[in-house]
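Peer 1: Please work out how this folds:
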Amino acid sequence: MWKLRDIVVTVILSVVCGAIYMGWDWLATLTGSASPWLLGLMNGVWWIASVLVAYIVRRPGAAFLGGAVSALFEWAFGSPYGANALISGLLQGGGTEVGLLLFGWKRYSTSVLMFAGAFGGVGNILQWYFQYGGGEFSLTNQLGYIITTLISGAILAGLLPKWIDDALYRTGVLRNFEIGKQMRALSK
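Peer 2: Numbering: from 1, shown residues only. Modelled structure (predicted):
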């Protein structure tokens, strides 16, 4: 059952991530003619909110909601991608959610979060291929994009949010959230 504090922290983190995404959008437009391999390395930033929220709240739908709401703010802040940012948030948040679903929303270890972060990349890859013309690149560039996107997702969208949330947990501000309850149970 979602609590009001879960929803509030989801929205706050989504606003912050939406602002980060919008800045990242503009940076990505400057590298638009770069190799798909390089673009793939940048991608994981765009679904950080999915793991950031899911790791704290630890409820079904948290990754999807974090991805969707952060994309809504990214769009509202003036993303150069316009409404396509919303599609990205749904696909990337959905991919991350599926990654956590495969573990029954019960395990939040580093490896599971990195897997979920990488799985968020599947949504990104689908949008890149079908909407942004990824299928027009050579097979080598397509594979390079896929590999670097999955690696970026694992590190930037999986590992980085875990480090951030663990640091927040150590301050005590997350003690009343599910992350705090589960961390205390593990330490007993």
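
Peer 1: low-scoring stretches of the protein, by residue?
Peer 2: 32, 188 (pLDDT under 70).

Peer 1: measure the one residue sitting closest to the centre of the chain to Arg5 for me?
Peer 2: In the chain, the residue lying closest to the centroid (Cα atoms, centre = their mean) is Trp47, at 2.2 Å. Distance from Trp47 to Arg5, counting by Cβ to Cβ, to the nearest Å: 23 Å. (Each C-beta comes from the backbone N, C-alpha and C, glycine too.)

Peer 1: Please apply the same query to Gln131.
Peer 2: Using Cβ to Cβ, Gln131 is found at 36 Å from Arg5.

Peer 1: quick one: contacts for Gly134?
Peer 2: 36, 125, 128, 142, 145 (Cβ atoms under 8 Å, 6 or more residues apart in numbering).

Peer 1: same thing but at 6 Å, please
Peer 2: Contacts of Gly134 were listed using Cβ atoms under 6 Å, 6 or more residues apart in numbering, and they are Trp128.

Peer 1: can you start the count at 170 instead of 1 from here on
Peer 2: Got it, first residue is 170 now, which makes that one Gly303.

Peer 1: Next, work out how far apart it and Ile294 are.
Peer 2: To Ile294, Gly303 is 7 Å away according to Cβ to Cβ.

Peer 1: can you check Leu328 too?
Peer 2: Note on Leu328: its distance to Ile294, by Cβ to Cβ, is 19 Å.

Peer 1: higher neighbour count, the two?
Peer 2: A count of neighbours by other Cβ atoms under 10 Å puts Ile294 above the other of Leu328 and Ile294, at 22 against 18.
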